[in-house]
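>>> Let me see the structure of the following:
(chains A and B)
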There are 2 protein chains.
Amino acid sequence: MAKPLILVSNDDGITSRGIRLLVNCMKKIGNVVVVAPDSPQSAMGHAITIGNTLRLDETDIFKGVKAFECSGTPADCVKLAKHHILTDRKPDLVVSGVNHGSNTSISVLYSGTMSAAIEAAMEGLPAIGFSLCDYSHDAHLDHMEEWIIEITREALKKGIPKGVAINVNFPPRRNDPIKGVKVCRQANARWQEEFDERFDPFGRKYYWLAGNFVNQDKGEDHDEWAIANNYISLVPCLFDLTAHHVISNINQEWNFRS
Amino acid sequence: MAKPLILVSNDDGITSRGIRLLVNCMKKIGNVVVVAPDSPQSAMGHAITIGNTLRLDETDIFKGVKAFECSGTPADCVKLAKHHILTDRKPDLVVSGVNHGSNTSISVLYSGTMSAAIEAAMEGLPAIGFSLCDYSHDAHLDHMEEWIIEITREALKKGIPKGVAINVNFPPRRNDPIKGVKVCRQANARWQEEFDERFDPFGRKYYWLAGNFVNQDKGEDHDEWAIANNYISLVPCLFDLTAHHVISNINQEWNFRS
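Residues are numbered from 1 along each chain as shown, chains lettered A, B, ... in the order given. Here you go, the predicted model:
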């Protein structure tokens, strides 16, 4: 059987440690092409570049792997890969990450890593985003490798449902080994924002976004629970945001001229 | 009864025609505070500013209305409004727009206008995003005013379900009057991307993202159908991206070490 063609992208930029790990994992599974941002794009959400031009340059930073760095966002990278670079053969899988930092709960909405995966799902391609719930500068990555390979092989074997992008988060490396994979839902947690007000050298105010992540979701079937309990969380995600369950209520209760 | 407090934001920037219309509509309904980007932020998706500082300056461009311009994204504006400006009283409603261009179908994911509304929903605030499906520079806005007021009053009266943000799109002004409001789902359409390859004066390649919007969704219960048939589309949107319906299948079919 032909080796699968795997497109790799991320949002931390093409020189990050996380994408290097992911490329090395994917080389064990298939033929790899990398299209990733030339600079960090964290918290870009599902941004795309429409009012500006895009640059795309081939690079040899991954030995023996075809790779391109792009001036755009993670979603731009996936679009360019599908419609400009991989025009002869579409990828069998798109993977994004490994993100340096958590993309659990509502962070999925801010996540550039997951925007690459969701863009791929919108394009009809199977996709997985990988993130590590560890913000420390020298976060350990080695505990993820065999799991990334196992999850990717299983996804390729069983198939990802059409229109679904998989959001995988890893716990930080702890003394105890990872317990396994939990297929779960997005936790209903949120950021309790605070703005750190400061003054520049010219006496003008500016702000840093700060705050704490607060989880009041008491369930045990969500990604925050999985990470806290040393499981890998695996959340299937949609790009259809429709709140289907409230349509009939609104139709019944709200009145408009007709 | 006290007048409702309404926060207005957008993604086209605080000087756009669309936000001026929206502020004028909201002044007829409640007390208005504006916090909007100081420059256009279209297609920013749900981006937030974490690696950089934010500026926030009061402005008098809307006569008699408290207003601030912010250097950040639409989601930043909502965060700053809730956690820094409106700390005494939280808004009864957050409205965003009126966006110059369509936010139907998957465009909701790229939309800065809807990211402000979805951010508000994440903060537990009722929210509506308004967009006009007309990209022409001098698009007519006057056919929307009475509908914006009617939809907003009805939303305040009946209440928006918690965690839901309403995505309202208007058809362009046509010879026939708008037929009414359709509560509907997000169409499963997509962009058929093309990249326009050019050379800069120094001989280096660059690209413009171009392409056509393709709708192969044959349903008549979605937003694209509503706009094509001269209805206003009203789609309730979630910030929970979980594909709940596939969790049990993945649990059954995918196997991992445990």
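>>> Identify all contacting residues around stretch A:58-71.
A:14-15, A:20, A:23, A:27, A:32-39, A:49, A:53-57, A:76-77, A:80-81, A:85 (C-beta atoms under 8 Å, 6 or more residues apart in numbering or on different chains). The way it works is simple: take the backbone N, C-alpha and C, and place the C-beta from them, glycine included.
>>> So for the helix or strand containing A:Ile149, what gets flagged as buried?
Assigned by DSSP states H and E, A:Ile149 belongs to helix A:145-158. By neighbour count with 16 or more other C-beta atoms under 10 Å in any protein chain shown, helix A:145-158 contains the buried residues A:147-148, A:150-152, A:154-156.
>>> what is the mean pLDDT for stretch A:230-242?
Computed over stretch A:230-242, the mean pLDDT rounds to 96.
>>> In ChimeraX, select just the buried ones from the contacts of stretch A:58-71.
Filtering the contacts of stretch A:58-71 down to the buried ones (16+ other C-beta under 10 Å) takes a single ChimeraX command:
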select /A:14,20,23,27,32,33,34,35,36,37,38,49,54,56,76,77,80,81,85
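>>> So which of the contacts of stretch A:58-71 are in helices?
If you go by DSSP state H, these have A:20, A:23, A:27, A:76-77, A:80 in helices.
>>> tell me how far stretch A:106-117 is from the chain's mean position?
5 Å (C-alpha atoms, centre = their mean, to the nearest Å).
>>> give the contact list for A:Leu132.
Neighbours of A:Leu132 in contact, by C-beta under 8 Å, 6+ apart: A:18, A:98-102, A:139, A:141, A:144, A:169-170, A:172.
>>> thinking again about what came up before, among the buried residues of helix A:145-158, which are in reach of chain B?
Restricting the buried residues of helix A:145-158 to those touching chain B (C-beta under 8 Å from any C-beta of the partner chain) yields A:150-151, A:154-155.
>>> Would you convert these into a markdown table that also reports pLDDT?
Output for these, formatted as a markdown table (pLDDT from 0 to 100):
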| residue | pLDDT |
| --- | --- |
| A:Glu150 | 97 |
| A:Ile151 | 98 |
| A:Glu154 | 97 |
| A:Ala155 | 97 |
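>>> Nearest to chain B among these?
Proximity of those to chain B (C-beta to the nearest C-beta) peaks at A:Glu154, which lies at 5.2 Å.
>>> what's the closest non-adjacent residue to the closest one?
Leaving aside its sequence neighbours, A:Glu154 sits nearest to B:Trp254 (C-beta to C-beta, 6 or more residues apart in numbering or on different chains; 5.2 Å).
>>> And A:Ser102, by the same measure?
With C-beta to C-beta, 6+ apart, the residue lying closest to A:Ser102 is A:Cys133, at 4.0 Å.
>>> OK, contacts around the one you found?
A:101-102, A:104, A:169-172, A:227.
>>> repeat that with 7 Å
Residues near A:Cys133 by C-beta atoms under 7 Å, 6 or more residues apart in numbering or on different chains: A:102, A:104, A:169-172, A:227.
>>> what does the stretch 51-200 of chain A put close to chain B?
Contact residues (C-beta under 7 Å from any C-beta of the partner chain) of the stretch 51-200 of chain A with chain B: A:51, A:53-56, A:79-80, A:83-84, A:106, A:108-110, A:115, A:118, A:122, A:150, A:154, A:158, A:161, A:164, A:180-181, A:183, A:185-186, A:190, A:193-195.
>>> Sort out for me which of these are in strands.
Counting by DSSP state E, these place A:56, A:164, A:181, A:183, A:190, A:193-195 in strands.
>>> Buried among those residues? Make that a PyMOL selection.
The following PyMOL line selects those of these that are buried, judged by 16+ other C-beta under 10 Å:
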select buried, chain A and resi 56+164+181+183+190+193+195
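>>> from the ones in strands among the residues of the stretch 51-200 of chain A next to chain B, which two are the most distant?
Using C-beta to C-beta, those span at most 38.9 Å, a distance reached by A:Leu56 and A:Glu194.
>>> Okay, now the unreliable bits of the stretch 1-150 of chain A?
Scanning the stretch 1-150 of chain A with the threshold set as pLDDT under 70 gives A:1, A:43.
>>> hmm, try it at 90
Judged by pLDDT under 90, the stretch 1-150 of chain A has its weakly predicted residues at A:1-2, A:39-53, A:110, A:135, A:137.
>>> again with the stretch 151-258 of chain A
A:190-196, A:202, A:208-214, A:216, A:257-258.
>>> Dump the ones next to chain B among the buried residues of helix A:145-158 to JSON lines, plus distance to B:His244.
Shown next, in JSON lines, are those (distance: C-beta to C-beta, whole Å):
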{"residue": "A:Glu150", "distance to B:His244": "24"}
{"residue": "A:Ile151", "distance to B:His244": "20"}
{"residue": "A:Glu154", "distance to B:His244": "20"}
{"residue": "A:Ala155", "distance to B:His244": "19"}
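>>> Good, we can wrap up now.
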